[in-house]
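**Student:** Provided below for reference: sequence and predicted model.
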Amino acid sequence: MAEGEQDFAAPVDAARVWEEGAVPEGAPATADAALASAQAAPKKPRRKRSWGMWPSRVALALLFLIGFFVSMTPDGRVLVRGALLLSSALTATQPGPLVEAGEPISHTQPVLPAQTGQIFLDVYVPVGKPPPIPGSREAVILITGVGDNRTDPQLLNLSESLARLGVVVVNMTTTQLLNVVIDPADKESVIQVFNYAAHLPGVNPRDIGIVGFSGGAALACLAAADPRLQDRLAFIATFGAFYNAADLLRDFGRRSVTADGVVTPFHPGALPIQALANMVGGTLPPDEGQLFINGLTPGGTPLADPDTQLTTPGAAAAYHLIAGDEPDPAQVERNMAALSPAVKQLFDELSPSEVIAQIRCPIYLLHDHADPYVPFTESRNFDAALTRLGHPHEYAEFGIFHHTEISSGFGLGPLLGDGSKLYRILDGVLSASA
């Protein structure tokens with residue numbers, strides 16, 4: 001019998017009984033009585049199949065599974081955090097769900113002594129409920145580049161967004177970076193900050209990554225290659241980085257870059273010119289170094305005749321390269337060859353290309369295709385070298401950024417294309433440290 005039918009007796013066919021003139025044993029005596037008896041018998045309601053309930057049950061089950069995946073698995077948490085962080089980065093604001101559901105945060109500004117001066121920190125710590133596993137918080141060190149970027153709105157937004165997502169954020173700059181100088185000795189400052197972050201309450205010392213912006217990216221690479229950090233970093237990410245400082249200077253001299261066989265004009269901004277001038281000027285005698293710097297930086301007086309005013313060997317050649325006043329490729333090569341040993345050594349010590357084989361953690365490269373500070377070809381060269389080495393890495397070029405800051409007024413097409421690339425990087429970074 002089918003479900004719901006097993007308790008019912010077979011009904012009496014009254015017409016058949018009347019015609020045959022016989023009454024089955026136990027049946028009523030007449031047809032009318034038989035019909036009345038059949039109608040009067042209590043009926044058990046038939047169970048209805050509730051097909052309309054199944055879609056809602058399936059939906060509830062899926063929601064439960066999604067909620068479990070999002071809240072209880074690392075991949076799920078990374079998925080949600082990546083989406084929220086992407087929204088925050090693209091809009092340069094913290095989305096409502098992040099503010100409402102994210103953790104409250106604290107902000108402190110410690111200052112540490114260093115061999116090159118001082119280290120200035122901005123530390124953003126989530127102060128909500130502790131993570132499910134004690135001591136499992138991730139930490140990210142942001143090296144904020146040359147100049148004073150500590151109050152940059154987009155940097156503050158990124159730092160606070162990460163902290164609301166449960167990540168401990170340590171922004172760092174140094175006396176040298178504030179003075180628009182990239183000093184290879186500041187590698188020690190980065191290592192010092194890593195050790196500082198590793199001892200913050202709740203931080204997992206194996207889940208710390210470093211993000212270097214512009215000139216800070218070189219320091220991130222130098223620190224990652226150091227034996228003291230080689231096997232301790234979860235990842236490094238560079239945004240707007242140079243790969244080889246000598247190649248960067250060569251592009252400044254030519255005022256152009258070559259990519260895919262096409263020569264494209266390159267007009268560097270004032271800040272990278274000042275940074276190169278400060279670094280080369282630091283290799284010269286004090287008086288001549290100041291003359292060199294004043295001739296190149298905004299507000300200074302350009303040198304009328306660098307070849308006679310600068311007497312240290314190689315100083316005039318470096319001046320022409322940074323000023324870009326002798327852009328002929330052949331002359332650029334002659335000036336590159338004339339650089340002093342001190343400048344060549346400094347540029348070697350600053351170049352990630354010199355230490356790439358010593359970096360062991362995953363690397364994420366990001367670059368603005370129209371970057372007016374550092375040509376995008378530098379990150380392309382970095383990407384090509386990592387590919388040759390078989391080193392785990394991701395590379396993405398963008399059109400919605402200006403150097404390392406999100407631009408305004410981009411259309412839907414660039415938003416979709418660059419947004420998907422940025423999400424892939426953010427997902428990789430959050431996964432690497434999860």
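**Tutor:** Arrived safely, thanks for sending.
**Student:** can you give me the helices in the stretch 251-400 of the chain?
**Tutor:** 270-281, 286-296, 306-309, 315-323, 329-338, 341-350, 376-389 (DSSP state H, counting those that start in this stretch).
**Student:** save these as JSON lines, and put in mean neighbour count and mean pLDDT too.
**Tutor:** Using the backbone N, CA and C atoms, a C-beta is placed for each residue, glycine as well. As requested, the helices of the stretch 251-400 of the chain are exported to JSON lines (neighbours: other Cβ atoms under 10 Å; pLDDT from 0 to 100):
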{"stretch": "helix 270-281", "mean neighbour count": "22", "mean pLDDT": "97"}
{"stretch": "helix 286-296", "mean neighbour count": "17", "mean pLDDT": "97"}
{"stretch": "helix 306-309", "mean neighbour count": "14", "mean pLDDT": "97"}
{"stretch": "helix 315-323", "mean neighbour count": "24", "mean pLDDT": "98"}
{"stretch": "helix 329-338", "mean neighbour count": "15", "mean pLDDT": "98"}
{"stretch": "helix 341-350", "mean neighbour count": "17", "mean pLDDT": "98"}
{"stretch": "helix 376-389", "mean neighbour count": "18", "mean pLDDT": "97"}
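**Student:** save those helices as CSV, and put in distance to residue 429 too.
**Tutor:** Converted to CSV, the helices of the stretch 251-400 of the chain look like this (distance: least, Cβ to Cβ, whole Å):
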stretch, distance to residue 429
helix 270-281, 25
helix 286-296, 36
helix 306-309, 44
helix 315-323, 34
helix 329-338, 36
helix 341-350, 24
helix 376-389, 16
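**Student:** minimum distance to residue 358: which of these has it?
**Tutor:** Residue 358 lies closest to helix 376-389 among the helices of the stretch 251-400 of the chain, at 11.0 Å (Cβ to Cβ).
**Student:** that closest one packs against which elements?
**Tutor:** helix 245-254, strand 256-259, strand 363-368, strand 393-398 (3 or more Cβ pairs under 8 Å, 6 or more residues apart in numbering; DSSP states H and E).
**Student:** looking at the helices of the stretch 251-400 of the chain, which is closest to residue 260?
**Tutor:** helix 376-389 (9.5 Å).
**Student:** so how far is that closest one from its chain's centroid?
**Tutor:** 18 Å (Cα atoms, centre = their mean, to the nearest Å).
**Student:** stretch 184-192 now?
**Tutor:** Distance of stretch 184-192 from its chain centroid, counting by Cα atoms, centre = their mean, is 22 Å.
**Student:** ok, the closest residue to residue 268 other than its chain neighbours - contacts?
**Tutor:** Residue nearest to residue 268 in three dimensions, not counting chain neighbours: residue 252, with 5.8 Å by Cβ to Cβ, 6 or more residues apart in numbering. Residues in contact with residue 252 (Cβ atoms under 8 Å, 6 or more residues apart in numbering) are 266, 268, 272, 273, 276, 321, 322, 324.
**Student:** ok, now which ones touch residue 307?
**Tutor:** For residue 307, the contacting residues are residue 316, by Cβ under 8 Å, 6+ apart.
**Student:** circling back: just the closest of the contacts of residue 252 to residue 154, please.
**Tutor:** For the contacts of residue 252, the nearest to residue 154 is residue 272 (19.0 Å; Cβ to Cβ).
**Student:** just checking, the closest one touches residue 373?
**Tutor:** Yes: assessed by Cβ atoms under 8 Å, residue 272 is found in contact with residue 373 at 4.7 Å.
**Student:** which elements pack onto whichever strand or helix holds residue 172?
**Tutor:** In this structure, residue 172 sits in strand 168-174 according to DSSP states H and E. Packing partners of strand 168-174 (3+ Cβ pairs under 8 Å, 6+ apart): strand 117-126, strand 137-143, helix 153-164, helix 187-198.
**Student:** tell me the first helix or strand C-terminal of it.
**Tutor:** Next along from strand 168-174, by DSSP H and E: helix 175-178.
**Student:** can you report how many residues neighbour residue 328?
**Tutor:** Using other Cβ atoms under 10 Å, residue 328 has 11 other residues around it.
**Student:** quick check: the gap between it and residue 175.
**Tutor:** 38 Å (Cβ to Cβ, to the nearest Å).
**Student:** next one: residue 397
**Tutor:** 33 Å.
**Student:** how confident was the prediction at the residue lying closest to residue 185 once chain neighbours are set aside?
**Tutor:** Nearest residue to residue 185, sequence neighbours excluded (Cβ to Cβ, 6+ apart): residue 116, at 5.2 Å. Per-residue confidence (pLDDT) for residue 116: 91.
**Student:** swap in residue 170?
**Tutor:** On the pLDDT scale, residue 170 gets 98.
**Student:** need the contact list for it.
**Tutor:** 121, 122, 123, 124, 139, 140, 141, 142, 193, 196, 197, 200.
**Student:** switch to 6 Å and redo it
**Tutor:** 121, 123, 141, 197 (Cβ atoms under 6 Å, 6 or more residues apart in numbering).
**Student:** now do residue 253
**Tutor:** Per Cβ under 6 Å, 6+ apart, neighbours of residue 253: 321, 332.
**Student:** just how off-centre is stretch 368-387 within its chain?
**Tutor:** With Cα atoms, centre = their mean, you get 17 Å for stretch 368-387.
**Student:** quick one: end-to-end distance for that stretch.
**Tutor:** Start-to-end span of stretch 368-387 (Cα to Cα, to the nearest Å) is 20 Å.
**Student:** also stretch 329-349?
**Tutor:** 25 Å.
**Student:** do stretch 102-112 as well
**Tutor:** End to end - Cα to Cα - stretch 102-112 spans 30 Å.
**Student:** tell me the mean pLDDT over that stretch?
**Tutor:** If you average the pLDDT over stretch 102-112, you get 93.
**Student:** next: stretch 363-371.
**Tutor:** On average, stretch 363-371 scores 92.
**Student:** list the buried ones in that stretch?
**Tutor:** Residues of stretch 363-371 classed as buried: 363, 364, 365, 366, 367, 368, 370, 371 (neighbour count, 16 or more other Cβ atoms under 10 Å).
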